[in-house]
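A.B. asks: Task: produce atomic coordinates for the following.
(one chain, ligands or ions: 2)
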Amino acid sequence: MPHAVADLRSLSRAGVDALVARLGEKPYRARQIFRWLHQKGAATLDEMSDLPAALRARIAAEIPLSALERAEERRSADGTIKWTWRTVDGKLIESVYMPETGRKTLCVSTQAGCAVGCTFCMTGTMGLSRNLTSGEIVDQVARANRRLLELGEGAPPRPLTNLVFMGMGEPLHNYDNVKAALEVLLSEDGPNFSNRHVTVSTAGIVPEMRRFGEETDVKLAVSLNATTDEVRNALMPLNRRWPLRDLLAACREFPMKKGRRITFEYVLLGGVNDSDEDAVRLSRLVKGIPAKVNLIPYNENPGLGFRAPEPGRVEAFRDRLVAANVTAVVRRNRGRDIAAACGQLAAEGGPGDPRRRGADRTQTLTGRGSAG
Ligand code: SAH
Ligand code: SF4
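C.D. replies: Ligands and ions are numbered 1, 2, ... in the order given. Have a look, this model is predicted:
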């Protein structure tokens, strides 16, 4: 995936150490710079007021520093905020802030668009524009923290407590940058998130799942969404390559930390995957896996041809699972009024709007709801 030059914000801690060494500066400068970037969310080198101006100039000559620009902010009556950010090359990506009692979660994007092409998902209809750099992934968190402090939402050093990688894109299709971003987000001189408070969601890229479990220690969520290969093939084209059997084997073999569970996401689509039989099959599929099922009532996207479950169906489905001893929760729809709920289309004229098909699909993401 082509992407311009490296950016200071995309460097690992070791990368910043190396830069500082190359410039012949004292090692403590690296920590200062890293903290400015990832704890304080400095947008420019000039903000790094305790670095000598000469050093700032020498860094600027070595490597660019960019920040996401806030293109849009939409606030929901339930406290949810959706931000659309513009990257240096003009891509529009989104993050969604969801406050709850005891935690403040940010849902982040990992790609502009997505190549997986799930038929019910607005991001899936756009195709992939490009991978986000690790700098762009971590900067969503820095920008959000800064903005939340400005809005009086929470206290320094960072209002956000939890992160979910459930925005636009398939994290395991952007493996290296997601891994690099996680290292920054969990590092002590960075935002210092706890691994227990960070969840990465995958549509089921089986070969990368094991590697992910071995190389990171954050939580895993898997978008299951169907209980037969026939239905899953129709919803998620990647199921032809990695069918349920292989996916569930990868979940069984996932190198899990003690006491952890895999979260299975299950979007309930009216008349497609929400029958009692589906619930029974689902309970059999996850049997033996330390698991929790997140039921997500479908957020309708005009033009995609799917509908939300009938009233009462969601609860009936959950009750079936619970009766079969499966932990299941219904994920409350957040920010519906601002189209920030999972995969929801925001405004008319967004990329998924059938009236605009064929129009530029990569530049105008404003108006598309976050997939998370
Ligand atoms: N690509 C990753 C992470 C982003 S999608 C993945 O698929 O897991 C995050 C979640 O949103 C997925 O579980 C997906 O099934 C769900 N989703 C997408 N569109 C939705 C919609 N319109 N309504 C409800 N959930 C949706
Ligand atoms: Fe991509 Fe996830 Fe949407 Fe599928 S559900 S198209 S994997 S973002």
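
A.B. asks: Give me the secondary structure label for N333.
C.D. replies: coil (DSSP: H, G, I helix; E, B strand; the rest coil).

A.B. asks: What's the separation between it and L285?
C.D. replies: Distance of N333 to L285, given as Cβ to Cβ, to the nearest Å: 25 Å. (Glycine included, C-beta is placed from N, CA and C.)

A.B. asks: the more surrounded of the two?
C.D. replies: Neighbours per residue, other Cβ atoms under 10 Å: of N333 and L285, the larger number sits with L285, 21 against 17.

A.B. asks: Does that one touch L247 like I think?
C.D. replies: No: between L285 and L247 there is no contact under Cβ atoms under 8 Å: 9.3 Å.

A.B. asks: my guess is V96 contacts V164, does it?
C.D. replies: No: counting by Cβ under 8 Å, V96 stays clear of V164, with 9.1 Å between them.

A.B. asks: out of those two, which sits in the more crowded spot?
C.D. replies: V96 (31 against 20).

A.B. asks: Okay, and the more buried one sits in which element?
C.D. replies: strand 92-100 (DSSP states H and E).

A.B. asks: Write out the residues of the stretch 151-300 of the chain neighbouring ligand 2.
C.D. replies: 169-170, 203, 223 (Cβ under 6 Å from any ligand atom).

A.B. asks: Apply 8 Å and report the result again.
C.D. replies: Within the stretch 151-300 of the chain, the positions lying close to ligand 2 (Cβ under 8 Å from any ligand atom) are 168-170, 201-203, 223, 225, 236, 238.

A.B. asks: if we can go back for a sec, which secondary structure elements does the strand holding V96 sit against?
C.D. replies: Counting contacts by 3 or more Cβ pairs under 8 Å, 6 or more residues apart in numbering; DSSP states H and E, strand 92-100 packs against strand 81-86, strand 103-107, helix 134-150.

A.B. asks: is it possible to export the ones you listed to JSON lines including distance to R35 and mean pLDDT?
C.D. replies: Listed next are those as JSON lines, based on distance: least, Cβ to Cβ, whole Å; pLDDT from 0 to 100:
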{"stretch": "strand 81-86", "distance to R35": "22", "mean pLDDT": "96"}
{"stretch": "strand 103-107", "distance to R35": "20", "mean pLDDT": "96"}
{"stretch": "helix 134-150", "distance to R35": "11", "mean pLDDT": "98"}
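
A.B. asks: P156: which of those is closest?
C.D. replies: P156 lies closest to helix 134-150 among the helices and strands packed on strand 92-100, at 6.3 Å (Cβ to Cβ).
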